[in-house]
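Visitor: I need the structure of the sequence given here:
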Amino acid sequence: MTDPHLIKLYDEIELRTRSATRERPVWPCRRGCDACCRRLARPPEVTAVEWQFMFQGIQALSSATQVAIGHKITALANRDTDDLNFVVCPFLDEEAGACLIYAYRPAACRMYGFYVSRQSNMWCQQIEELYEAGALEGVTLGNYSAMQRQLGQAFGDVQSIVIWYQS
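Guide: The predicted structure is shown next:
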């Protein structure tokens, strides 16, 4: 059973992202754009409740796809911690440029490109270029830190999907 509070938070994020893309149709975040999915600093980190929801999405996939995802996550577990190369999300269908568990993706993925924090912008180079060109002026971005606090207060600390997968 999916936690209704999680769905409420996801719905809030969805309202903001729809508003932004409606205001600025040039926004690149859509099926086929996978720039952020191919350039992660580390494996995704999620709360236990988010992982349980994501796992529902994984279980809905074919057995072969589930095995392939498992291999990718295991490879991330064995990754050298000094490796400075970007991580490709294990849920990315690299040929289609689409998330295999899109409806089940975590808050961090839902917010990326549409939320900012005091420390940094939470977006890719494509959005940075649009922002610098003034194409996104007037769009109200979400507060990433505040949403992360809400998630933490409601569901506890985040851990790498590698840890959740192995437990």
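
Visitor: Break down this protein into its strands, ranges please.
Guide: Taking DSSP state E to define them, one finds strands in the chain at 45-46, 92-93, 98-99, 115-116, 142-143, 159-160.

Visitor: distance between the ends of stretch 134-154?
Guide: Between the start and the finish of stretch 134-154 there is a gap of 36 Å, counting by C-alpha to C-alpha, to the nearest Å.

Visitor: Please identify the buried residues of that stretch?
Guide: Leu136, Val139, Leu141, Gly142, Tyr144, Met147, Gln148, Gln150, Leu151 (16 or more other C-beta atoms under 10 Å). Every residue, glycine included, has its C-beta placed from N, CA and C.

Visitor: Same check on stretch 23-30?
Guide: Going by neighbour count (16+ other C-beta under 10 Å), the buried part of stretch 23-30 is Trp27, Pro28, Cys29.

Visitor: Could you tell me how far Tyr102 is located from Leu9?
Guide: Separation of Tyr102 from Leu9 (C-beta to C-beta, to the nearest Å): 17 Å.

Visitor: Tell me who's in contact with the nearest residue to Asp34 once chain neighbours are set aside.
Guide: Of all residues beyond its chain neighbours, the one nearest Asp34 is Gly97 (4.1 Å), with distances taken as C-beta to C-beta, 6 or more residues apart in numbering. Taking C-beta atoms under 8 Å, 6 or more residues apart in numbering as the criterion, Gly97 is in contact with Arg31, Gly32, Cys33, Asp34.

Visitor: Next one: the nearest residue to the third one once chain neighbours are set aside from Asp11, what distance?
Guide: If the residues on either side of it in the chain are set aside, Cys33 comes closest to Gly97, at 6.8 Å by C-beta to C-beta, 6+ apart. Gly97 sits at a distance of 25 Å from Asp11 (criterion: C-beta to C-beta).

Visitor: just Gln150 next, same as before
Guide: For Gln150 relative to Asp11 (C-beta to C-beta), the value is 13 Å.

Visitor: Nice, that's everything, thank you.
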